[in-house]
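K.L.:
Quick one: sequence plus predicted model below, questions after.
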Amino acid sequence: MTDISFAFPVDGVMLTDAAGKKTEEGLKIRCIVNAAQGRRITINGVPCAYNTSQYTADVLLKGYKTRLVARDEDSKEETFIEVFYLKNAHKKYRFSLDDNIWCFQNLAKRQRDYKSLFEDPYLNLIKTMHDKYGTKFHLNIYYECPEFGGFNLTQMPDKFKSEWAYHSDWLRLSFHANANLPDRPYIRGTFDQVKLEHERVADEIIRFAGEEAFSRLVTTVHWGDATLEKVRALRSCGVKAFVGSFRYHDPDNVSIRYYLNAEQCALLNIYGFYYDKQEDVYFVRYGASMQHIPLSDIPKDFEIFQKQHPLYTFKELCVHEQYFYPHYIKYMPDYYERFDTAIRWCVENGYRPS
């Protein structure tokens with residue numbers, strides 16, 4: 001057991017340019033190690049300087065993954081961590097939309113009338129934002145819904161398949177859940193059930209939209225929560241990255257964190273990205289909210305979030321499809337304006353679509 005420990009960075013975190021100084025060779029970061037005074041500590045061979053109970057050394061992260069080894073050159077005692085450099089994540093933004101199903105039901109209903117999938121009003125709004133700002137969108141979708149007579153993805157026509165493929169550089173689809181109810185579906189059920197529900201949605205996406213439009217690697221499951229067994233089920237389907245809010249306990253004492261513990265959630269709150277090497281899965285934290293606050297507060301909220309999270313310079317935006325529709329209990333009449341305000345803030349503050 002070593003008494004040398006890393007204070008910054010820590011094992012499994014994923015860093016952007018904000019964590020150090022970008023050079024032609026990579027990202028130079030200042031590592032901080034805790035150890036008793038009077039020792040000769042190196043990090044990856046770089047001698048550390050001692051200052052107020054901690055040792056520091058500037059180390060270069062050259063590639064995607066770097067093993068950092070802190071070593072006492074006299075006793076040969078050492079410890080190590082693995083960190084990741086996301087060289088393409090700094091000042092980028094991504095827009096995901098949850099709970100999608102009604103637009104597909106409408107496309108199926110109007111398939112004889114619509115010549116383009118963007119004749120659907122909701123999808124048209126998304127394309128309007130893409131055309132205006134270059135924004136890239138990711139739709140997490142259900143398999144079925146009971147509303148308006150009932151619908152499931154087997155009824156979705158493949159009439160628009162070539163159009164989905166053509167726009168797949170900015171518009172992708174992935175699994176979300178079987179349906180809107182029950183709430184928090186993946187804190188219950190079985191491994192096989194979750195795998196079946198994912199593959200059923202995946203098969204239909206590939207059938208009606210094509211492989212190009214299917215995002216197998218990343219999703220947000222319904223409610224952003226799942227047990228370890230359910231994450232393993234989705235990992236067996238090829239899902240490697242999970243998006244969520246990672247609130248270990250929110251004001252209502254509800255955890256929205258997949259299976260992560262308090263320490264891992266805290267790391268996500270600081271860094272925005274975290275890799276669980278034991279399970280080989282990645283986690284991505286949402287940025288500031290844009291759907292549970294007044295429209296006029298969105299820019300201020302984004303600015304506050306940016307100041308409070310200086311190491312997390314990738315902005316993950318999210319809204320739910322249902323809020324678009326006047327009949328829905330949480331209808332937002334300023335839905336378009338919220339999109340425009342949030343995206344415009346990203347663009348004006350130097351963020352690029354990803």
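P.N.:
Sure, I can see it. Model, not experiment: these values are computed from the prediction.
K.L.:
in the sheet, who's paired with residue 28?
P.N.:
Bridge pairing for residue 28 (DSSP bridges) gives the partners residue 21, residue 60.
K.L.:
show me the contacts for it.
P.N.:
20, 21, 22, 58, 59, 60, 61 (C-beta atoms under 8 Å, 6 or more residues apart in numbering). C-beta here means a position set from N, CA and C on the backbone, and glycine is covered the same way.
K.L.:
what's the closest non-adjacent residue to the first one?
P.N.:
Pointing back at residue 20 there. Spatial nearest neighbour of residue 20, excluding adjacent residues (C-beta to C-beta, 6 or more residues apart in numbering): residue 29 at 3.6 Å.
K.L.:
show me what contacts that neighbour?
P.N.:
Residue 29 sits next to 9, 15, 19, 20, 21, 58, 59, 61 when contact means C-beta under 8 Å, 6+ apart.
K.L.:
Pick the one among these closest to residue 103.
P.N.:
Checking these against residue 103 with C-beta to C-beta, the nearest one is residue 15 at 36.7 Å.
K.L.:
Count the residues that sit near the closest one.
P.N.:
For residue 15, the count of nearby residues is 26 (other C-beta atoms under 10 Å).
K.L.:
My guess is it contacts residue 87. True?
P.N.:
No - look at residue 15 against residue 87 with C-beta atoms under 8 Å: they stay out of range, at 9.5 Å.
K.L.:
what is in contact with the two at once?
P.N.:
Here residue 15 and residue 87 have residue 27 as joint contacts, going by C-beta under 8 Å, 6+ apart.
K.L.:
Buried ones in stretch 322-337, by neighbour count?
P.N.:
Neighbour-count burial for stretch 322-337 flags 322, 323, 324, 332, 335 (criterion: 16 or more other C-beta atoms under 10 Å).
K.L.:
How about stretch 291-300?
P.N.:
Counting neighbours by 16+ other C-beta under 10 Å, one finds that the buried residues in stretch 291-300 are 291, 295, 298, 299.
K.L.:
Could I get those residues in a markdown table, plus columns for pLDDT, distance to residue 193 and secondary structure?
P.N.:
Output for the buried residues of stretch 291-300, formatted as a markdown table (pLDDT from 0 to 100; distance: C-beta to C-beta, whole Å; DSSP: H, G, I helix; E, B strand; the rest coil):
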| residue | pLDDT | distance to residue 193 | secondary structure |
| --- | --- | --- | --- |
| 291 | 88 | 29 | coil |
| 295 | 96 | 39 | helix |
| 298 | 97 | 38 | helix |
| 299 | 96 | 42 | helix |
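K.L.:
related to what we said a few turns ago, and the buried residues of stretch 322-337, which of them are in helices?
P.N.:
Among these, the ones falling in helices (DSSP state H) are residue 335.
K.L.:
Same list, the buried residues of stretch 322-337, but as JSON lines with pLDDT and distance to residue 242 please.
P.N.:
Below are these laid out as JSON lines (pLDDT from 0 to 100; distance: C-beta to C-beta, whole Å):
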{"residue": "322", "pLDDT": "97", "distance to residue 242": "22"}
{"residue": "323", "pLDDT": "97", "distance to residue 242": "22"}
{"residue": "324", "pLDDT": "98", "distance to residue 242": "25"}
{"residue": "332", "pLDDT": "96", "distance to residue 242": "26"}
{"residue": "335", "pLDDT": "97", "distance to residue 242": "26"}
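K.L.:
Which of the buried residues of stretch 322-337 sits closest to residue 3?
P.N.:
The closest of the buried residues of stretch 322-337 to residue 3 turns out to be residue 323 (C-beta to C-beta; 52.0 Å).
K.L.:
Just give the closest residue to the closest one, not the sequence neighbours.
P.N.:
Leaving out its chain neighbours, the residue that sits closest to residue 323 by C-beta to C-beta, 6+ apart is residue 332, at 4.5 Å.
K.L.:
which ones are touching that neighbour?
P.N.:
By C-beta under 8 Å, 6+ apart, the contact set of residue 332 is 291, 323, 324, 338.
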